[in-house]
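Q: Just a sequence and a predicted model for now, questions to come.
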Amino acid sequence: MSALFVALMLPLLAAVHYYVWRRTVRDTTVRGSRPRRIGTAVIMLLGLCLVLAPPGEWTLPRPLAVAVVWAGFLWAAVLLYLTLALLVGEAVRPLLLRAARHRPAAAAPPAAEPAQVPAPVPAPAAVPGTGTGTGTAAEEGTAAAGTARTAQAAVPDPSRRLFVARGIALAAGAAAAATVGHGARTALGPPRLKHLTVPLTRLDPRAHGFRIALVSDIHLNTIAGRARTEQIVDLINGTEPDLVAVVGDLVEDGSVRDMGRAAEPLARLRAAHGSFFVTGNHEYHAGAEQWLDLVRDLGLRPLENEHVALEGFDLAGVNDVTGEEHGQGPDYDAALAGRDPDRAVVLLAHQPVQVHEAAARDVDLQLSGHTHGGQFWPFTYLPALSQPTVAGLDRYGDTQLYVTRGTGFWGPPVRVGADPDITVVELASPRA
């Protein structure tokens, strides 16, 4: 993975940074000027922070890691939207330059009062037929005007091109800053509370109205720590759910030693039938066993390819597909073994793509996360390349699938077009 990053990502990042530097610094400043030197240094420093942020989050000294992660990941989002805005600017640049060329020149200031000089001595009249002497006054005026026009055309006028370059750079910068500012406020603000009623044909009437608080992708990291977990726990407890389901990616990549304290508020989760947990792909990047031990200590029950019988339905959980690389992959048959096939079953599985296995086993409802809803535009379209549903409720045969956008973020603390959410799923029985 590191070789792929070096071979592909670093040259691409370098090319994008050069383009942004060219349009925002080189084209808008004078060679050798102080603004150009400062702008060049800032872009180089931010680019370095972007490259150092992923590995440096867990390897650099804590204060330096926090600074590098904030600067690097925020710059990643700014770089994306700044590049997109500048590319839009390429389309309008020729039009603006053409309009600037046709703009009338500013009126020249009035000339100073000329000093009194002695009148010139008239030149002698030309002798007819000799070809010597001066021309007429009209001829002299025409020659002088032509010379002035030639001199004016020979002098380049970069001011209009500079004006257009600065205007596009400022507009692109403002658009990128506004987009990232809104996205950061959305990502770091409280998740939306959503409510959804899902009818299940086989649900026992005793479970009618059963409420599951679904949360996914908390992604504890250097930016989103203990305070974020406390906020999420308070929101969940405020809904007074019957059950809490945490469907993976509690942590981004850190170990329990690094991020365990940030997860401790989960011990305050309150639900009549308890809190349950299944692994996501990031748990395996961080060392799944240590995180499974921690969530047990915090009072959550991991469902590792197993199910529990609740009043009116069965709750099952499977490991994430990434666990296959560690010999801990999902086992749907084991998770559903021994249950009454006439009872409704709700399956917790981190990735939506796992619904195909669930549908093959007559699962009534699968609850998933993983996609973040794409997190920020234009990446909102990418999850659909690998996941059957990106967000919301969908149906695959007799199996329904609901995908939450999750509460956290991966990489840049930015969400655009994919608000974070906690969903309260209320089960309904048609026989109630």
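A: That came through, no problem. Residues are numbered from 1 along each chain as shown.
Q: My read is that residue 383 contacts residue 374, right?
A: Yes: counting by CB atoms under 8 Å, residue 383 sits close enough to residue 374 to count as a contact (5.5 Å). From N, CA and C alone the C-beta is placed, and that goes for glycine too.
Q: got any residues that touch both of these two?
A: Common neighbours of residue 383 and residue 374, counting by CB atoms under 8 Å, 6 or more residues apart in numbering, are residue 390.
Q: and residue 184, that one's in a helix?
A: Yes: counting by DSSP: H, G, I helix; E, B strand; the rest coil, residue 184 is located in a helix.
Q: Model confidence score at it, please.
A: Note for residue 184: predicted pLDDT of 98.
Q: again, but for the one 5 residues further on
A: The predicted local confidence for residue 189 comes out at a pLDDT of 96.
Q: Could you do the one 10 residues further on as well?
A: Model confidence at residue 199, given as pLDDT, is 98.
Q: if I look at it, how far off is residue 394?
A: Computed as CB to CB, to the nearest Å, the residue 199 to residue 394 distance reads 15 Å.
Q: now do residue 316
A: Residue 316 is 19 Å from residue 394, by CB to CB.
Q: Over to residue 424?
A: 18 Å.
Q: residues contacting the residue nearest to residue 396 when sequence neighbours are not counted?
A: In this structure, residue 396 finds its nearest non-sequential neighbour in residue 359, 4.6 Å apart by CB to CB, 6 or more residues apart in numbering. Contacts for residue 359 (CB under 8 Å, 6+ apart) come out as 396-399.
Q: chain center to stretch 398-414, what's the gap?
A: Relative to its chain's centre, stretch 398-414 lies at 14 Å (CA atoms, centre = their mean, to the nearest Å).
Q: Now do the buried residues in that stretch.
A: For stretch 398-414, burial by neighbour count (16 or more other CB atoms under 10 Å) applies to 399-414.
Q: for stretch 57-73, same thing?
A: By 16+ other CB under 10 Å, the buried positions in stretch 57-73 come out as 57-58, 60, 65, 68-69, 71-73.
Q: which secondary element of this structure has the worst mean pLDDT?
A: Here the helix or strand of the chain ranked lowest by mean pLDDT, DSSP states H and E is helix 137-154, holding a mean of 48.
Q: where along the stretch 301-432 of the chain do the strands fall?
A: Applying DSSP state E, counting those that start in this stretch to the stretch 301-432 of the chain gives strands spanning 306-310, 313-317, 345-348, 365-368, 392-396, 399-403, 421-428.
Q: from memory residue 278 sits against residue 301, does it?
A: No: the criterion here is CB under 8 Å, and residue 278 misses it with residue 301 at 10.2 Å.
Q: Among these two, which residue is more densely surrounded?
A: Between residue 278 and residue 301, residue 278 has the larger neighbour count (other CB atoms under 10 Å), namely 29 against 15.
Q: That one bridge partners, please.
A: residue 247 (DSSP bridges).
Q: wait, what's in contact with it?
A: Applying CB under 8 Å, 6+ apart, the residues contacting residue 278 are 246-248, 302-304, 317-320, 348-350.
Q: Which SSE is immediately downstream of the host helix or strand of residue 23?
A: Using DSSP states H and E, residue 23 maps to helix 10-24. Next helix or strand after helix 10-24 toward the C-terminus (DSSP H and E): helix 34-59.
Q: Could you tell me the angle between that next one and helix 10-24?
A: Angle, helix 34-59 to helix 10-24, by axes from the mean of the first three to the mean of the last three CA atoms, to 10 degrees: 150 degrees.
Q: Quick one: the helices in this structure, in order.
A: Taking DSSP state H as the test, the helices found in the chain are 2-4, 10-24, 34-59, 62-101, 137-154, 159-188, 226-238, 256-263, 281-286, 288-297, 332-336, 355-360.
Q: okay, those helices in CSV with distance to residue 325 next?
A: Listed next are those as CSV, based on distance: least, CB to CB, whole Å:
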stretch, distance to residue 325
helix 2-4, 17
helix 10-24, 26
helix 34-59, 20
helix 62-101, 26
helix 137-154, 69
helix 159-188, 29
helix 226-238, 27
helix 256-263, 20
helix 281-286, 7
helix 288-297, 11
helix 332-336, 18
helix 355-360, 17
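Q: Which stretch among the ones you listed is buried most, on average?
A: helix 281-286 (a mean of 21; mean count of other CB atoms under 10 Å).
Q: who does the residue nearest in space to the middle of the chain bridge with?
A: Nearest residue to the geometric centre of the chain (CA atoms, centre = their mean): residue 376, 4.0 Å. Beta-bridge partners recorded for residue 376 (DSSP bridges): residue 416.
Q: Let me know the pLDDT of it.
A: pLDDT, residue 376: 96.
Q: next one: the one 10 residues further on
A: Residue 386 is assigned 96 on the pLDDT scale.
Q: Hmm, residue 353 and it touching each other?
A: Yes: contact criterion CB under 8 Å: residue 386 and residue 353 qualify, at 6.7 Å.
Q: Which of those two has more residues huddled nearby?
A: residue 353 (18 against 12).
Q: Look up the closest residue to the more buried one, ignoring the ones flanking it.
A: residue 387 (5.3 Å).
Q: In contact with that neighbour, which residues?
A: With contact taken as CB under 8 Å, 6+ apart, residue 387 is in contact with 351-353, 370-371, 403.
Q: and if we set it to 6 Å?
A: By CB atoms under 6 Å, 6 or more residues apart in numbering, residue 387 lies in contact with 352-353, 371.
Q: Now do the contacts for the closest residue to residue 358 other than its chain neighbours.
A: In space, and not counting its chain neighbours, residue 358 is closest to residue 366: 4.8 Å by CB to CB, 6+ apart. By CB under 6 Å, 6+ apart, the contact set of residue 366 is 347, 349, 355, 358, 401.
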